[in-house]
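Visitor: sequence-free structure coming up:
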Ligand SMILES: Nc1nc2c(ncn2[C@@H]2O[C@H](COP(=O)(O)OP(=O)(O)OP(=O)(O)O)[C@@H](O)[C@H]2O)c(=O)[nH]1
């Protein structure tokens, strides 16, 4: 069973990347998602219309506290489905080295082949996030351990920024194949497989705060958009990422807030509202109140 790890900071494009890979139908594929917050937004978006075997791990971090859950989930997928390939999407706050270390003891027994570690960088948010110093070591680990780095969202930045991003990446990883992408669309190169490498593993402060809600009801899309704009402007404190699925009078929408970009996508259907806000020291009560006011 080949293992492909798709890593990247919050909102870089991991879910988008996996949806693209599944569209290509490269044989029977399993997907293992570990999301920040326990409400399964990524799983719902990935699963939409695709016949994949999907396992969600609970909130927490598979590179640290959930290592046993990760091993159990991989063993279960192997025994139950034995797909050709298993794609693992760690949360945007996990590091690939922890996952590799966790899989090491079962690698031989289960015949796991680490096919590639793909790191996704948000070309727009990368330099400001790095300069903020708030997330430094996540990036270091994710970049240093990637075989392929997708510099994604190149549509949002000028060529000079792209060059600066690439130079910065090279400070952490001299050998990875770097590809520039929009919506993570790329022809991935074949790579030599990993074998007994010593992985760099740094330890981080995972103390990010999150608010996950699954309220009932139907919402005004414009009001949700205003809440996201206010979140981006810091009106509720530090919110780095928000995403969700919500119902309106016109049906279900998926929304994303990443680094000043607010996106809405109309969905074919849905099974209830899901909101998640991720940040540090933010005013959850006010966010919750604003959401309640946005109901029809
Ligand atoms: N403009 C632009 N937007 C993109 C691109 N790739 C992805 N996005 C958008 O960025 C947002 C976040 O993408 P996701 O794929 O959900 O990111 P993620 O890494 O899975 O996010 P987390 O699970 O929160 O860590 C979505 O609204 C995407 O549509 C791109 O190349 N250009």
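Guide: All right, it came through fine. Source: prediction; values computed, not measured. Numbers count the residues shown, from 1 in each chain.
Visitor: residues from the stretch 51-200 of the chain in reach of the ligand?
Guide: Proximity of the stretch 51-200 of the chain to the ligand is assessed by C-beta under 6 Å from any ligand atom, with 92, 152, 153, 155, 156, 182, 183, 184 identified as the residues in range. Yep, even glycine has a C-beta here, placed from its N, CA and C like the rest.
Visitor: now the two most distant members of those.
Guide: Comparing every pair within these by C-beta to C-beta identifies 92 and 155 as the most remote, at 20.4 Å.
Visitor: who has more neighbours, those two?
Guide: residue 92 (25 against 11; other C-beta atoms under 10 Å).
Visitor: can you find the helix or strand in the protein with the smallest mean pLDDT?
Guide: Evaluated with mean pLDDT, DSSP states H and E, the helix-and-strand set of the chain has its lowest mean pLDDT in strand 53-57, which scores a mean of 62.
Visitor: now the strands for the stretch 51-200 of the chain?
Guide: Listed in chain order, the strands of the stretch 51-200 of the chain (DSSP state E, counting those that start in this stretch) span 53-57, 85-89, 113-122, 148-152, 177-181.
Visitor: need those in CSV (columns: mean neighbour count and distance to residue 12).
Guide: What follows is the strands of the stretch 51-200 of the chain, written out as CSV (neighbours: other C-beta atoms under 10 Å; distance: least, C-beta to C-beta, whole Å):
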stretch, mean neighbour count, distance to residue 12
strand 53-57, 19, 19
strand 85-89, 23, 11
strand 113-122, 24, 4
strand 148-152, 24, 6
strand 177-181, 17, 11
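Visitor: for residue 165, find the nearest of these.
Guide: Closest to residue 165 of the strands of the stretch 51-200 of the chain, according to C-beta to C-beta: strand 148-152, at 5.8 Å.
Visitor: got the angle for the closest one vs strand 177-181?
Guide: Computed with axes from the mean of the first three to the mean of the last three C-alpha atoms, to 10 degrees, the direction of strand 148-152 lies at 20 degrees from that of strand 177-181.
Visitor: show me what strand 148-152 is packed against.
Guide: helix 14-23, strand 113-122, helix 159-172, strand 177-181 (3 or more C-beta pairs under 8 Å, 6 or more residues apart in numbering; DSSP states H and E).
Visitor: which strands and helices sit next to the third one?
Guide: Helix 159-172 sits against helix 126-132, helix 136-144, strand 148-152, strand 177-181, with contacts defined as 3+ C-beta pairs under 8 Å, 6+ apart.
Visitor: how about these in a markdown table, adding mean pLDDT and distance to residue 30?
Guide: Output for the helices and strands packed on helix 159-172, formatted as a markdown table (pLDDT from 0 to 100; distance: least, C-beta to C-beta, whole Å):
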| stretch | mean pLDDT | distance to residue 30 |
| --- | --- | --- |
| helix 126-132 | 87 | 30 |
| helix 136-144 | 76 | 22 |
| strand 148-152 | 95 | 20 |
| strand 177-181 | 94 | 24 |
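Visitor: surely residue 124 touches residue 156?
Guide: Yes: the pair residue 124 / residue 156 is scored as a contact, 4.2 Å apart, by C-beta atoms under 8 Å.
Visitor: common neighbours of those two, please.
Guide: By the contact definition C-beta atoms under 8 Å, 6 or more residues apart in numbering, residue 124 and residue 156 are jointly contacted by residue 261.
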